[in-house]
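> Quick one: sequence and predicted model below, then my questions.
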Amino acid sequence: MSEPSDPSGRAIPPVPRITVQAFCENAEIAAVIEAAAGDRRMQKAHTRVQMGGAPAAVEAYRNAPTPNVIMVELGTGKGSPLAALDSLAEVCDAGTKVVVVGHVNDVVLYRDFIRRGVSEYLIAPIDPVAVIAAISELFSDPAAEPLGRTIAVVGAKGGVGASTLAHNLAWSVARDFGTATVIADLDVAFGTAGLNFNQDPPQGVAEAVFAPDRVDANFVDRLLSKCTDNLSLLAAPATLDRPTDFAESAFDGVIDVLRASVPCIVLDVPHAWSAWCRRQLIGSDEIVVVAAPDLASLRNARNLFEVLRQARPHDRMPRLVLNGVGMPKRPEIAVAEFAKALDAPVAATVPFEPALFGTAANNGQMLAEVQPGAKVTEILSELAGSVTGRAEIRRGRANLLEPLLARFARRKAS
């Protein structure tokens, strides 16, 4: 399964509401573009794939307007790729962007394409993530800050501590990595983020959901309450005055605003299977599934993993966290058996610590504030580094230093 980012490590921004039409010369390229079209980051775009290459594109647009993006495969058919591109240019409307998929790694040809106004040149073989990244970059402002990473945390069943771990995970990202972070409590009726952070803001996520026309950067900023220098809270009202059977896209506006302004957004997703919950999980850059070491959690986690793997074929698989492991006198499914049943590694194992968790909950504190040196604090810090990509950066730097350190040690020994 491929990584959910481009080679630079930056998350790929979702493609806006545009029209993309592709004209391919062979079925393999067509299949890759079809796969890209089904990706979560392309859900707003309308994509159509057909065969025939450049000649079919020219014929299609001879008497019809061109879409926002034309993808055309050049190089396997007869004739000059440049001549085919010139013919396409004659029927293209101003503003249409052209992405060429070619089979020749030739700098001169690439420069000729760019001089003719081609927006991007992809060299076959291509993969779906490369297609998504190429289209996304056409509509991204190069001067803009990279979009924030969304991390959705959900429980495999109720009562497994997913919300507590989500709040502590966000706190750890903000503290341990100095990253501006928002914890968004999406459980409008029963959310506990306000309690866990000892905050009672007058406004929160409900105002954004129930008044979507008002949502913009200034409005969302007024809804946030500050927890620490780097952590802000978008709280849930935890009231039952209105039902929460929201439309599927109810949270899109506020999440889009947060992604445009904050490097990291942790979504505390309630244990439910509504259309909007499913949408938030599928649309997130990272997913953390929290489970207890019992049979119901195993069944539900397996169902979640199957659905999310199918819906996100070009993303990293969800990360599994087992919480409350080692409860005395409780029969438990072993960690290795749990991982084997899901065909997925366990990203973190959080031990059963009732005194620590209970004290933190009752005091409105984070676990590390109650007991800074606790093992669970270290576990959550490592998980925070993993879901934000910081662990890989640290590991890479460590690998670069290892030869130098080894050489230094040998010199000291001699």
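Sure thing, it's come through.

> Mark out where each domain of the chain begins and ends.
Split into domains by automatic domain parsing, the chain comes to 19-138, 149-396.

> Just to check, Val370 is in contact with Ala361?
No: counting by Cβ atoms under 8 Å, Val370 stays clear of Ala361, with 9.7 Å between them. Glycine gets a C-beta too; all of them are placed from N, C-alpha and C.

> Tell me where the model's unsure across the stretch 251-400 of the chain.
Low-confidence segments of the stretch 251-400 of the chain (pLDDT under 70): 391-400.

> what are the ranges of the strands in it?
Secondary structure of the stretch 251-400 of the chain (DSSP state E, counting those that start in this stretch): strands at 264-268, 286-291, 319-325, 346-351.

> and of those, who's closest to Ala384?
Smallest distance to Ala384 across the strands of the stretch 251-400 of the chain (Cβ to Cβ): 9.1 Å, for strand 264-268.

> hmm, back to that, in a markdown table, list the domains of the chain along with mean neighbour count and distance to Pro13.
Putting the domains of the chain into a markdown table (neighbours: other Cβ atoms under 10 Å; distance: least, Cβ to Cβ, whole Å) gives the following:
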| stretch | mean neighbour count | distance to Pro13 |
| --- | --- | --- |
| domain 19-138 | 18 | 5 |
| domain 149-396 | 19 | 8 |
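
> Would you format the ones you listed as TSV with distance to Ile12 included?
Output for the domains of the chain, formatted as TSV (distance: least, Cβ to Cβ, whole Å):
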stretch	distance to Ile12
domain 19-138	5
domain 149-396	9
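
> Looking at those domains, which is nearest to Ala11?
Nearest of those (Cβ to Cβ): domain 149-396, 5.1 Å.

> I'd like the distance between the spatially most central residue of the chain and Gly389.
The centroid of the chain falls nearest to Asp285 when counting by Cα atoms, centre = their mean (0.8 Å). Distance, Asp285 to Gly389, by Cβ to Cβ, to the nearest Å: 10 Å.

> How about Val182?
Here Val182 is placed at a distance of 17 Å from Gly389 (Cβ to Cβ).

> what's the answer for Pro16, then?
The value you get for Pro16 to Gly389, if Cβ to Cβ is used, is 24 Å.

> cool, Ala339 as well?
Per Cβ to Cβ, Ala339 is found 23 Å from Gly389.

> Check Asp315 too.
Distance from Asp315 to Gly389, by Cβ to Cβ: 13 Å.

> again with Val370
Val370 sits 28 Å away from Gly389, going by Cβ to Cβ.

> Over to Lys44?
Lys44 is 25 Å from Gly389, by Cβ to Cβ.

> same deal with Asp256?
21 Å.

> Can you tell me the closest non-neighbouring residue to Lys44?
Arg17 (4.5 Å; Cβ to Cβ, 6 or more residues apart in numbering).

> Helix or strand for that neighbour, just tell me which one.
If you go by DSSP states H and E, Arg17 is not part of any helix or strand.

> wait, doesn't it sit right on Ala45?
Yes: with contact defined as Cβ under 8 Å, Arg17 counts as touching Ala45 (6.8 Å).

> Name the spans of the stretch 1-150 of the chain whose pLDDT lies under the cut-off.
Using pLDDT under 70, the stretch 1-150 of the chain drops low at 1-10, 76-79, 142-146.

> switch to 80 and redo it
Applying pLDDT under 80 to the stretch 1-150 of the chain picks out residues 1-11, 75-79, 141-147.

> All the strands of it, in order from the start?
According to DSSP E, counting those that start in this stretch, the strands that the stretch 1-150 of the chain contains are 19-24, 46-51, 69-73, 97-102, 120-123, 149-155.
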